[in-house]
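Asker: Please work out how this folds:
(one chain, ligands or ions: 1)
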Amino acid sequence: MIIDGKKVANKIKEDLKKEVSMMQIPPTLAVVQVGDDPASNSYIKAKEKGCSEVGINFKHLKFKDDINEDELILEIVKLNNDKLVDGILVQLPLPNNLDENKVLNTINKDKDVDGLTTINAGCLFQNNITLAPCTPLGIIKLLEEYNISLEGKHVVIVGRSNLVSKPLAMLLLEKNATVTICHSKSINLEKYTKEADILISSVGKKHLIRQDMVKDNAVVIDVGISRDNTKLYGDVDFDNVIKKASYITPTPGGVGPMTVAMLLSNVVKAKRRLCNDKY
Ligand code: GUN
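Answerer: Predicted structure coming up:
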């Protein structure tokens, strides 16, 4: 069965649209971009479209890649202090001359709709979830929507990013899954992937996951994206792996739309918390 991320995302957006329409002042998301990376441009466009669909104001701050760290930090502080801004997202990756950790940690934790500040990551680690990263939230939501239980299941994650894999592992543990994280230095990757009841790949390498690496009836969630020229590829060799999987996400149309939907959900949540539900 193909998991339809677009359909689930549309349902979430419908609910958010209703909630936003009841607010006196709609929420505002500020996206900070440094440079002109084509992939980032397309992700930001998708976020802007999502905001307009549910009635969230969208503010795009785009800086040249020669902006220095102090200038960028000052811009984020301005957004922290702006009462009309509810959510702040710094699009990654940043150019190498900027300290990603320092820049992200400038964001006020209550406006950190990507859940990437050290404090929000720590809260997630301690099961005290306020704002968690959007892609992991979207994956959990997709599994719930398709009634795929996690309790006691062996979930194997390929990839170890702060953006996806590590926070995802925490959310899965909270749902009582058994979690294995593999990465590029794992010896004999297929030994692990073949053991997975639920296999989640978040690497960004075309067709890394082949049919022979997947157990019969496994659930396969494809998060990774790679591009050649204009075509998008997932990590999973979809046309072959689908023959073995019980459920599988396509790329595009799987996890991607869920990331945007959960970002919008985090913006509404941040607004709700910032104004103590009085809107
Ligand atoms: N770059 C690619 N995906 C994302 C995301 O979800 N958030 C941020 N901040 N940067 C990204």
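
Asker: The ligand contacts on the protein?
Answerer: 43, 89-92, 114, 134-135, 163, 259 (C-beta under 6 Å from any ligand atom). Just so you know, the C-beta spots here come from the backbone N, C-alpha and C atoms, and that holds for glycine as well.

Asker: can I get those residues in a markdown table with secondary structure?
Answerer: A markdown table is the format used below for the residues of the chain next to the ligand (DSSP: H, G, I helix; E, B strand; the rest coil):
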| residue | secondary structure |
| --- | --- |
| Y43 | helix |
| L89 | strand |
| V90 | strand |
| Q91 | coil |
| L92 | coil |
| D114 | coil |
| C134 | helix |
| T135 | helix |
| L163 | coil |
| T259 | helix |
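
Asker: Can you pull the phi/psi pair for the closest residue to the ligand within the stretch 1-150 of the chain?
Answerer: At 3.6 Å from the ligand, L92 is the closest residue in the stretch 1-150 of the chain, using C-beta to the nearest ligand atom. Dihedral pair for L92: phi -110, psi 150, per degrees, to the nearest 10.

Asker: mind listing what it touches?
Answerer: Counting by C-beta atoms under 8 Å, 6 or more residues apart in numbering, L92 touches 100, 163.

Asker: Which element, helix or strand, includes V8?
Answerer: helix 5-21 (DSSP states H and E).

Asker: Return the set of buried residues in that helix.
Answerer: Neighbour counts over helix 5-21 (16 or more other C-beta atoms under 10 Å) mark 5, 8-9, 12-13, 16, 19-20 as buried.

Asker: So which elements touch that helix?
Answerer: helix 38-54, helix 134-145, helix 255-274 (3 or more C-beta pairs under 8 Å, 6 or more residues apart in numbering; DSSP states H and E).

Asker: mind putting the ones you listed in TSV, distance to D237 included?
Answerer: Output for the helices and strands packed on helix 5-21, formatted as TSV (distance: least, C-beta to C-beta, whole Å):
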stretch	distance to D237
helix 38-54	22
helix 134-145	20
helix 255-274	17
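
Asker: okay, these in TSV with distance to V179, mean pLDDT and mean neighbour count next?
Answerer: Converted to TSV, the helices and strands packed on helix 5-21 look like this (distance: least, C-beta to C-beta, whole Å; pLDDT from 0 to 100; neighbours: other C-beta atoms under 10 Å):
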stretch	distance to V179	mean pLDDT	mean neighbour count
helix 38-54	26	97	16
helix 134-145	12	98	23
helix 255-274	18	97	24
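
Asker: can you tell which of those is closest to T230?
Answerer: Comparing the helices and strands packed on helix 5-21 against T230 with C-beta to C-beta, the closest turns out to be helix 38-54 (9.6 Å).

Asker: Tell me the buried residues in the helix or strand that the closest one is followed by?
Answerer: Per DSSP H and E, helix 38-54 leads on to strand 57-63 as the next helix or strand towards the C-terminus. Within strand 57-63, the residues scored as buried using 16+ other C-beta under 10 Å are 57-59, 61.

Asker: ditto for stretch 78-97
Answerer: Buried-residue list, stretch 78-97, by 16+ other C-beta under 10 Å: 79-80, 85-92, 94.

Asker: residue contacts, E19?
Answerer: V268.

Asker: Could you tell me the model confidence score at it?
Answerer: Note on E19: pLDDT of 97.

Asker: Starting from D114, give me the distance back to it.
Answerer: When distance is defined by C-beta to C-beta, to the nearest Å, E19 is 20 Å away from D114.
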